[in-house]
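Asker: What shape does this take:
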Amino acid sequence: MTGSLFIITAASGTGKTSLVKQLLATTNELTVSVSHTTRPPRPGEIDGHDYYFTEVNTFTTAIDENKFLEYAEVFGNYYGTSEQTVRAQLDAGIDVILEIDWQGAEQVKKIFSDATMIFILPPNIATLRQRLSTRAQDSTKVIERRLAGAVTEMAQYVHADYVVINDGVSAAAVKEIKAVAVPDKVLVIYDHDVPTGRPEAAAILRQNLMFADKYGCKYIQAEGIGYQYMLNTVVKPGQIIIGGGSHSSIFGAKGALGLDVSIPELARCVETGRYSCIVPETIYVSLEGVMAEGIGAMDVALTLLQKNLQQTAGKAIEIYAPGLDNYQQAILCSMVCKNWAPSIYDG
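Answerer: Numbering: from 1, shown residues only. The predicted structure is shown next:
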């Protein structure tokens, strides 16, 4: 029996390395493939454990000899995964994790189409900047360069089988909310698909369960696909969905209006059963016809936001695009949140 291959990828600074380490600490049935890199070791990193730190000439020779399952140049450094090592582990029945960037993930999926790809997202760019700055392992110049490519990197999440948003919002909301006015309209969702084994993670799970039980709310173990679960089973056209996350615009794919609010605002809404706000200015976007070959919904969304960044910031975007299927609608609406705007889709 051969092992299973799992690909965990993310933009730099979203916490994928920490999540993988916590996962490995909780089970003996997984191993992580150690990648090769030409970048210098960071403080505390060990050759052969964190990476195989390799000279550039040695790395490029291995490329010429087709020894890498995948490789990529990222911010001036090479990263690659030994194909021989991974195949040997899988043939031995070992489940293997590849912790690689999205470029490498695409290469691996072409070879191992049955591999499971998990994408880690930060809640927003501001949080990503803070994480990169506080870890104090890169210069200011490197941090700014990583941030500049963050939107392109994060946009690749649509190719993943599962998406995990690493933000910890639920714990903050549970601590803030002191009452629930209408329990049947409140969902408590624990969205991690991998238990970390840390006491802090167990405490968050316990708080969520106790909160749902105390107030009679529905509890959902979403296993890393909370937004997709809501699209498939919860959200109805015409509804207004209020949440403390940063991706509620995706609910526009079902003709609903998703609003991202602060935790105090969310608490007041849950406690009173009401939410008041100034209706944002609405921009109407009509997309007619069919997309040219090779053009996807993500390209349309990025073009819209990049060309109209200042005009769309903070405004509601109502989209009319009858030619898009359900998958394309979800991509288009989810990308709107990259500019912190709500969306509603009118097919």
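Asker: Can you give me every residue that contacts residue 80?
Answerer: If you count contacts by Cβ atoms under 8 Å, 6 or more residues apart in numbering, residue 80 has them with 35, 36, 37, 59, 62, 63, 68, 69, 70, 71, 72, 104. Every residue, glycine included, has its C-beta placed from N, CA and C.
Asker: ok, so what distance separates the residue nearest in space to the middle of the chain from residue 221?
Answerer: When Cα atoms, centre = their mean is applied to the chain, the residue found nearest the centroid is residue 121 (2.7 Å). Relative to residue 221, residue 121 is positioned 19 Å away (Cβ to Cβ, to the nearest Å).
Asker: Residue 190 too?
Answerer: On the measure of Cβ to Cβ, residue 190 and residue 221 end up 6 Å apart.
Asker: who has more neighbours, those two?
Answerer: Each of residue 190 and residue 221 has its neighbours counted (other Cβ atoms under 10 Å); residue 190 has more, 19 against 14.
Asker: Got the confidence number for the more buried one?
Answerer: Per-residue pLDDT puts residue 190 at 74.
Asker: just checking, it touches residue 207?
Answerer: No: in this structure, residue 190 is not within contact of residue 207 by Cβ atoms under 8 Å, at 9.8 Å.
Asker: residues contacting residue 290?
Answerer: Counted by Cβ under 8 Å, 6+ apart, residue 290 has contacts residue 323.
Asker: now do 10 Å
Answerer: Contacts for residue 290 (Cβ atoms under 10 Å, 6 or more residues apart in numbering) come out as 323, 324.
Asker: quick one: it from residue 299, how far?
Answerer: For residue 290, the distance to residue 299 - Cβ to Cβ - is 13 Å.
Asker: The residue nearest to the centre of the chain touches residue 162, doesn't it?
Answerer: No: contact criterion Cβ atoms under 10 Å: residue 121 and residue 162 do not qualify, at 11.0 Å.
Asker: Run the chain-centre distance for the lengthiest helix in the chain.
Answerer: Ranked by residue count, the top helix of the chain under DSSP state H comes out as helix 199-215. Relative to its chain's centre, helix 199-215 lies at 23 Å (Cα atoms, centre = their mean, to the nearest Å).
Asker: helix or strand right after it?
Answerer: strand 218-221 (DSSP states H and E).
Asker: Name the residues of that following strand that are buried.
Answerer: residue 220 (16 or more other Cβ atoms under 10 Å).
Asker: tell me the secondary structure for residue 322?
Answerer: At residue 322 the chain is in coil, as set by DSSP: H, G, I helix; E, B strand; the rest coil.
Asker: wouldn't it be in contact with residue 328 here?
Answerer: No: counting by Cβ under 10 Å, residue 322 stays clear of residue 328, with 11.3 Å between them.
Asker: who are the neighbours in contact with residue 78?
Answerer: Applying Cβ under 10 Å, 6+ apart, the residues near residue 78 are 35-39, 54, 56, 59-60, 62-63, 68, 71-72.
Asker: Distance to residue 332 and secondary structure for these - can I get that in a markdown table?
Answerer: Formatted as a markdown table, those follow (distance: Cβ to Cβ, whole Å; DSSP: H, G, I helix; E, B strand; the rest coil):
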| residue | distance to residue 332 | secondary structure |
| --- | --- | --- |
| 35 | 34 | coil |
| 36 | 38 | strand |
| 37 | 36 | strand |
| 38 | 38 | coil |
| 39 | 36 | coil |
| 54 | 41 | coil |
| 56 | 41 | helix |
| 59 | 39 | helix |
| 60 | 40 | helix |
| 62 | 40 | helix |
| 63 | 37 | helix |
| 68 | 35 | strand |
| 71 | 32 | strand |
| 72 | 28 | strand |
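Asker: outside of the strand or helix carrying residue 270, which residues touch it?
Answerer: Under the criterion of DSSP H and E, residue 270 resides in helix 263-272. Residues outside helix 263-272 that contact it (Cβ under 10 Å, 6+ apart): 169, 172-183, 185-186, 215, 217, 242-245, 259-262, 274-277.
Asker: Just the buried ones from these?
Answerer: Using 16+ other Cβ under 10 Å, the buried members of these are 169, 172-174, 176-177, 180, 186, 217, 242-245, 259-261.
Asker: which one of these sits closest to residue 157?
Answerer: Each of the buried ones among the contacts of helix 263-272 was checked against residue 157 using Cβ to Cβ; the closest is residue 245, at 14.4 Å.
Asker: Confirm residue 251 sits in a helix?
Answerer: Yes: with three-state DSSP as the criterion, residue 251 is part of a helix.
Asker: what about the residue lying closest to it once chain neighbours are set aside, is that helix, strand or coil?
Answerer: Nearest non-adjacent residue to residue 251, counting by Cβ to Cβ, 6 or more residues apart in numbering: residue 258, 3.7 Å away. Following three-state DSSP, residue 258 is assigned to strand.
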